[in-house]
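Enquirer: Got a predicted structure plus its sequence, pasted below:
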Amino acid sequence: LSVPEGDSNDSPSKRKVVYVYSPQYTETCDSLSKVPNRASMVHSLIEAYGLLQHMSVVKPRVATSEEMAKFHTDAYLEHLHKISQDGDNDDPQSGDFGLGYDCPVVEGIYDYAAAVGGATLTAAQCLLDKRGEVAINWAGGWHHAKKDEASGFCYVNDAVLGILKLREKYERVLYVDVDLHHGDGVEDAFSFTSKVMTVSLHKFSPGFFPGTGDLCDTGMGKGRWYAVNVPLDDGIKDDRYFHVFTSVMQEVQALFNPEAVVMQLGADTMAGDPMCSFNMTPVGVAQCLGHVLDWHLPTLLLGGGGYNLANTARCWTYLTGAVLRQTLASEIPDHEFFTEYGPDYSLEISPSCRPDRNETKQLDKNNAIRHV
């Protein structure tokens, strides 16, 4: 499991990478009930592999309500703040704001949202200030939140906030989403503009959340054709996924010519994820990421889904190594969460033997439709 051999540290071609982290930020993100302690597991493994020394570690700041209001409505933010103070699950208004079933109200949820939003804004600002060519916030990437409602475990759409921050300097920003789920909140936010193109590869089948992202969803008004959706079926593996990804991204890059990129790298596509849908490994996702990084544009990398916590940490650690062009040993180093990686204690994720339900004919047809 090797990443292309590393350039020496003083090589002029070495990428400047910013990694947004603080102990307090990680602790705040650990509190998210759907992925408890995931932020710590990811950071601990990255640290155990010695990758921090190859990056600029930048402490995130907390987003102000004014900054979050660049996308979210005042009414939503005020309600989130109000219920967050006492963890009030019985407020009758909460349902109107998407709070409840898959976005439970817990004490401090507003502070969590402000922390995640602020971390992605910090990462974007580092790109604007040229402190790095790539900026990473693995605890971000909450792409389902809408301007006035929480959705799909997402209380703040930090991806949208990051894109808006980059738009202060860059005319055309590209959003690329390889999470298992459709990046609906980000697509909705920019569906009427030609300044932001959204590209989402995701599982699309009846009853699968969020139910949007069909091939024919292409944006509206001035944003027509600036939303690209690539619906996929269960079981897809690295090689086929990479083929589809590159064929789409070559077109996107040629037609849109982005000046900056935000990429959401949800790890729920991995083999072994409880979602039990795609059959990917970190190697395949790293190839897709490498294709985008080869454009040499300011690039903001975000996390997202990933519900097998050990595999999510494996994936994002491997991707961090790929960004830094560092080869990582197969054996998981000893660290705080070492026991979570049994029984094999290795960095690899092996695909399962599930069949690939994606037919080549259908994928080719989808590609042909996109080219019309």
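Expert: It's in. Numbering: from 1, shown residues only.
Enquirer: what are the ranges of the strands in the stretch 201-350 of the chain?
Expert: Taking DSSP state E, counting those that start in this stretch, the strands of the stretch 201-350 of the chain run over residues 227-232, 260-264, 299-302.
Enquirer: can you count the residues close to residue 218?
Expert: 16 (other CB atoms under 10 Å). For glycine as for every other residue, the C-beta is placed from the backbone atoms N, C-alpha and C.
Enquirer: quick one: pLDDT of it?
Expert: The model reports residue 218 with a pLDDT of 97.
Enquirer: Next one: it relative to residue 288, how far apart?
Expert: 22 Å (CB to CB, to the nearest Å).
Enquirer: And residue 336, by the same measure?
Expert: From residue 336 across to residue 288, the span is 30 Å (CB to CB).
Enquirer: So if I had to pick from those two, which one is more boxed in?
Expert: Taking other CB under 10 Å, residue 336 and residue 288 do not tie; residue 288 has more neighbours (23 against 14).
Enquirer: if I pick that one, what's in contact with it?
Expert: 178, 241, 242, 245, 246 (CB atoms under 8 Å, 6 or more residues apart in numbering).
Enquirer: cool, residue 165 as well?
Expert: 121, 124, 125, 128.
Enquirer: tell me the most buried of the strands of the stretch 201-350 of the chain?
Expert: Highest mean neighbour count of those: strand 299-302, a mean of 28 (counted as mean count of other CB atoms under 10 Å).
Enquirer: where does this structure have low pLDDT?
Expert: Counting by pLDDT under 70, the ranges of the chain that qualify are 1-13, 361, 365, 368-372.
Enquirer: Next, name the residue at the spatial heart of it.
Expert: Central residue of the chain (CA atoms, centre = their mean): residue 264, 2.5 Å from the mean position.
Enquirer: the helices in the stretch 1-150 of the chain, which residues?
Expert: Along the stretch 1-150 of the chain, counting by DSSP state H, counting those that start in this stretch, helices occupy 23-30, 38-48, 65-68, 74-84, 109-128.
Enquirer: what's around residue 153, how many residues?
Expert: Other residues near residue 153 come to 18 when the count uses other CB under 10 Å.
Enquirer: got the contact list for the nearest residue in space to residue 268 that is not next to it in sequence?
Expert: Nearest non-adjacent residue to residue 268, counting by CB to CB, 6 or more residues apart in numbering: residue 305, 3.6 Å away. Shown in contact with residue 305 (CB under 8 Å, 6+ apart): 179, 180, 181, 266, 267, 268, 275.
Enquirer: same thing but 7 Å
Expert: For residue 305, the contacting residues are 179, 180, 181, 266, 267, 268, by CB atoms under 7 Å, 6 or more residues apart in numbering.
Enquirer: Can you report phi and psi for the last one?
Expert: Dihedral pair for residue 268: phi -80, psi 0, per degrees, to the nearest 10.
Enquirer: likewise the first one?
Expert: Note on residue 179: backbone dihedrals following degrees, to the nearest 10 are phi -60, psi 160.
Enquirer: any idea how far the residue nearest to it when sequence neighbours are not counted lies from residue 224?
Expert: Distances taken as CB to CB, 6+ apart put residue 266 closest to residue 179, at 2.8 Å, once the chain neighbours are dropped. Distance from residue 266 to residue 224, counting by CB to CB: 27 Å.
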